[in-house]
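> Have a look at this fold, sequence not included:
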Ligand code: SF4
Ligand code: SF4
Ligand code: SF4
Ligand code: SF4
Ligand code: FES
């Protein structure tokens, strides 16, 4: 630990870190453009200049290491002038496209100009015209006029994905970012470039011009598309008073948690599958409870009663071995726990079946081969996923509960449909309106992970909690809500369900029962 | 038989006069307020393109009121809800019966007073019925089953109680100087002259009483600045749940009150139908001149004079209504109890003192 | 008590003022009624549909969208007007323009006049001077709410 002084404030920081990081710890923001926590300092933008006592010229905060007793000043007249100068040069060739620039609103350059610039431009010359629409591959579009040549993008592709598709071409004022020949960017992490780029030079087709980012609200969630469980922000549009917006979710961005900060190569990024695979949240959603026979308009209470009655019938006939459950690993820990509690413990059915999901190709950065979020959780809760075979589930089964929360893996269930159809009574819990819904006696709409609270256990055995970001549509409710009411209604163990009013309560119960979650 | 018929004819005549005038009072109010405020006022209602200063406006209003939905809220008591406006209307309409319009006329030897009924307790009758009309307000406020209307109704009753006292006390002075409760007699007393030239009108004998009566009466009519029961900008008022014709009836009752108050002011303080220095034979001017007229012409003069006086007071009331802002409720109460009532008591004492001299 | 007295004087003065207005105006009204021309009128009223006033140059009237020389909308769908609009009555959807110089243009541009409060913030906010409220058009009341919703087409072809 060394002691340094920033703006006359003494702070203690570990040896060897840079001035910029030290200042960040003290809550002092030093403007920077090219520096990114995940990379080694580059020192190309000169935005981070600070004054250090005893040094003749201004120093780069992003690249200077702290020394014992160092005195740093971040807001002196010199620094201010230097910043203005840097900004003026950056903006000299900048197109000022803000009205049509997707970055506007979260653009570093804009923010810094507001905070530290606010000068009248003294440049009289015409601005240099460059290509404004260079396709980079994977839907990315480069605008060379807006680029400030911070080389974050180059460094990302060099250090993180190690694919090196982008490079700086030409020299001096003619420098520009580009791809080699026609080798377009083609890796699973390209989407990060839009987030990474401090300005609006790289934009992606998916978000381009769809809306403005200040309309969006950020909600913290967990990506459910593979068992890594990356932390994400779901950026959604709350809608306008008078007009309908075409969709709710507009983009997914990465969320850096302190725990992940140490794993540079992993913590800051998310893969493109997670980034662009959000359309399921708004497409084909089941919104109504559908009962095949009888009256169509069903309130949630009646639906639960119906399901519970089916169970009770079996109880009276003492035929609980004819109860089967098809579950999957898109459910949260809490929900899987409830499934286990109701069906395996209360009703003593052994037939909880997890259809095997196809393993896909993993890559060596983040994406895993298991594309469901909670396989680990299911295992820890005590389901042995392969123990029950398909044949056992359908063997003599009269009542079948199917939980199908996955928006993908359609053929898994399609394959089972012929057998499911033969079962006397079958009840489906699903967030989606699919072809097979009509074959079930009762379809109960449920929420996607973005709409519920709970936790997933990821591949690295980390339990990650998340809260709801969106409202679930229509009558849809999270599975845990349905399960708790079902548990109450079956009345085998009414008391313990009556206490559960949130996933948090369920988790408290889990903590006591299962050692893994009690850690 | 013939007497009943005569009364009936007179009653119809009086009520028609009353209603038509009230109807046009709505027009007058619009026009007067407009002129006061440098505007033109309603002038668009036309009949085959003829506008005549918007004189058809009251009819347009009436048609609108009638064709609007007659709405009775689900949560109210239907019968009473419908009854309330008619109650108000009825009690006010009846009071016109006691107002004398002119000297009695003779038709084929029969003397017919130009007054529907000449009650010997005319003043009490009018006061009583004006006070009764508040029942319409209270009833509507209560029966609409709405907090605002209830507030309006309560305010109305509290206000009436407060000002009824001052109103009654201010009239005691008049009854003292003109010892009668009968309108025809009071008017009769006022035909005399004082000091040989000044008409012996109530205003000259009871200036303070006049002022108190004017204020208290305007408070009774529940129009701005005393429109607390309505208070459009705060509680909307006792008729919140009324619409269409029934709402119109309340508005109309308001104007009828203005008119009846003008009639009372004229009758009690401004010599009723009397024209100064005009007696049954004709004018006897104080400077000695004389202009003899046939009796029927005298009566015509008197009726016209009566109407002119009434119009003046209507004008005055509308002027007041469009000049002042609304009282605050505590100010209203203070004004009634702490100012008008002591003042009217003082007026009685002073009158008694002067009369004993 | 004295204060009360002063209060009454003011009250009387008030009614005298309104009465003066009434009488003076009435005199002019009557003179005019008899066809006597006076310099001053009895009322300031403008008989609107027949008589119209000049609309001030900066009056905020019906919106219009400006065009480029080639007839395309000048608007670049930056949605700043949509953002600033206090009544939330503007709705824009943007599309990619093949011309890299333009890049972005509105495919949908809706103004719901039935909500608009004519604050003019949209004009103020527009970085492209693409929306203006200078048509001088003030009579656009409709019998139907739907007719109060202007789309891109009608906004572009507003008269001026
Ligand atoms: S990069 Fe930033 S400053 Fe440049 S046009 Fe885009 S928003 Fe504006
Ligand atoms: S494209 Fe963006 S990230 Fe890449 S160098 Fe330019 S400004 Fe930096
Ligand atoms: S004038 Fe104001 S309310 Fe109307 S569209 Fe423009 S910003 Fe919105
Ligand atoms: S502010 Fe101007 S350029 Fe931007 S969307 Fe509105 S009209 Fe178009
Ligand atoms: S942040 Fe230090 S030079 Fe760019």
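Okay, I see it. Computed from a predicted structure; not experimentally measured. Ligands and ions are numbered 1, 2, ... in the order given.

> By mean pLDDT, flag the weakest helix or strand of chain C.
Using mean pLDDT, DSSP states H and E, helix C:2-33 stands out as the lowest-scoring helix or strand of chain C, at a mean of 86.

> Any idea how far it is from the middle of the chain?
Mean-position distance between helix C:2-33 and its chain equals 35 Å (C-alpha atoms, centre = their mean, to the nearest Å).

> Check stretch B:51-58 too.
Centroid separation for stretch B:51-58 versus its chain: 24 Å, with C-alpha atoms, centre = their mean.

> what about it, start to end distance?
12 Å (C-alpha to C-alpha, to the nearest Å).

> Next: stretch A:61-70.
One end of stretch A:61-70 to the other measures 12 Å (C-alpha to C-alpha).

> So for it, mean pLDDT?
When pLDDT is averaged along stretch A:61-70, the result is 92.

> try stretch A:440-447
93.

> just stretch A:328-341 next, same as before
93.

> How about stretch C:81-99?
pLDDT averaged over stretch C:81-99 gives 93.

> on that earlier part again, next secondary structure element downstream of the least confident helix or strand of chain C?
strand C:64-65 (DSSP states H and E).

> Am I right that residue C:43 is in contact with residue B:40?
Yes. Between residue C:43 and residue B:40 there is a contact at 4.6 Å, judged by C-beta atoms under 8 Å. From N, CA and C alone the C-beta is placed, and that goes for glycine too.

> joint contacts of these two?
The overlap between the contact sets of residue C:43 and residue B:40 (C-beta atoms under 8 Å, 6 or more residues apart in numbering or on different chains) consists of residue B:34.

> between those two, who's got more neighbours?
residue B:40 (22 against 17; other C-beta atoms under 10 Å in any protein chain shown).

> pLDDT wise, what is the more buried one at?
Looking at residue B:40, its pLDDT reads 87.

> what's the spacing between the closest residue to ligand 5 within chain C and residue A:100?
Taking C-beta to the nearest ligand atom, ligand 5 has its nearest neighbour within chain C at residue C:103, 28.1 Å off. Taking C-beta to C-beta, to the nearest Å as the measure, residue C:103 falls 5 Å from residue A:100.

> ditto for residue A:69
50 Å.

> what's the answer for residue C:37, then?
Distance of residue C:37 to residue A:100, given as C-beta to C-beta: 61 Å.

> can you check residue C:122 too?
17 Å.

> neighbour-wise, which of those two wins?
residue C:122 (26 against 22).

> Are there residues contacting both of residue C:103 and residue A:100? Which ones?
residue C:76.

> Give me the spatial nearest neighbour of whichever residue of chain B sits closest to ligand 3, chain neighbours excluded.
Closest approach between chain B and ligand 3, counting by C-beta to the nearest ligand atom: residue B:233, at 26.3 Å. Of all residues not flanking residue B:233 in the chain, residue B:326 sits nearest, at 7.9 Å (C-beta to C-beta, 6 or more residues apart in numbering or on different chains).

> Spell out the secondary structure type for that neighbour.
coil (DSSP: H, G, I helix; E, B strand; the rest coil).

> Show the contacting residues for the residue of chain C closest to ligand 5.
Residue C:103 neighbours (C-beta under 8 Å, 6+ apart): A:100, A:132-133, C:76, C:96-97.

> Now for the residues you listed: which two are most distant?
Maximum pairwise distance in the contacts of residue C:103, criterion C-beta to C-beta, is 14.7 Å, between A:133 and C:76.

> Neighbour count: the two, which is higher?
The residue with more neighbours, out of residue A:133 and residue C:76, is residue C:76; 22 against 15, by other C-beta under 10 Å.

> any idea how far the more buried one is from residue A:213?
Counting by C-beta to C-beta, the gap from residue C:76 to residue A:213 is 16 Å.

> go on, residue B:347?
Computed with C-beta to C-beta, the distance linking residue B:347 and residue A:213 is 78 Å.

> State the pLDDT value of whichever residue of chain A sits closest to ligand 3.
Residue nearest to ligand 3 within chain A (C-beta to the nearest ligand atom): residue A:242, separated by 11.1 Å. We note a pLDDT of 85 for residue A:242 in this prediction.

> Spell out which parts of chain A neighbour ligand 1.
A:94, A:96-98, A:101, A:103-104, A:107, A:109-110, A:146, A:199-200 (C-beta under 6 Å from any ligand atom).

> Redo the residues you listed as TSV? Include neighbour count and distance to chain C.
Shown next, in TSV, are the residues of chain A next to ligand 1 (neighbours: other C-beta atoms under 10 Å in any protein chain shown; distance: C-beta to the nearest C-beta, whole Å):
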residue	neighbour count	distance to chain C
A:94	18	15
A:96	14	9
A:97	20	8
A:98	18	7
A:101	23	9
A:103	22	13
A:104	20	8
A:107	19	13
A:109	25	16
A:110	18	13
A:146	24	11
A:199	22	16
A:200	24	11
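
> so which of those residues would you say is closest to chain B?
Of all the residues of chain A next to ligand 1, chain B sits closest to residue A:104, with 45.5 Å by C-beta to the nearest C-beta.

> Please verify my assumption that the closest one contacts residue A:98.
Yes. Using C-beta under 8 Å, residue A:104 is in contact with residue A:98, at 4.3 Å.

> before we move on, back to that, give me the number of residues near the residue of chain A closest to ligand 3?
15.

> For the stretch 251-357 of chain B, which segments count as helices?
For the stretch 251-357 of chain B, the helices defined by DSSP state H, counting those that start in this stretch cover B:295-321, B:329-334, B:341-356.

> Oh, that last question was meant for the stretch 51-200 of chain B, not what I typed.
For the stretch 51-200 of chain B, helices defined by DSSP H, counting those that start in this stretch occupy the ranges B:57-67, B:78-94, B:122-132, B:134-143, B:147-177, B:183-189.

> For residue A:169, which of these is the nearest?
helix B:147-177 (76.0 Å).

> Relative to the whole chain's centre, how far out is that closest one?
So, by C-alpha atoms, centre = their mean, the centroid of helix B:147-177 is 14 Å from its chain's centroid.

> Now do it and helix B:122-132, the angle between them.
On the basis of axes from the mean of the first three to the mean of the last three C-alpha atoms, to 10 degrees, helix B:147-177 is oriented at 170 degrees to helix B:122-132.
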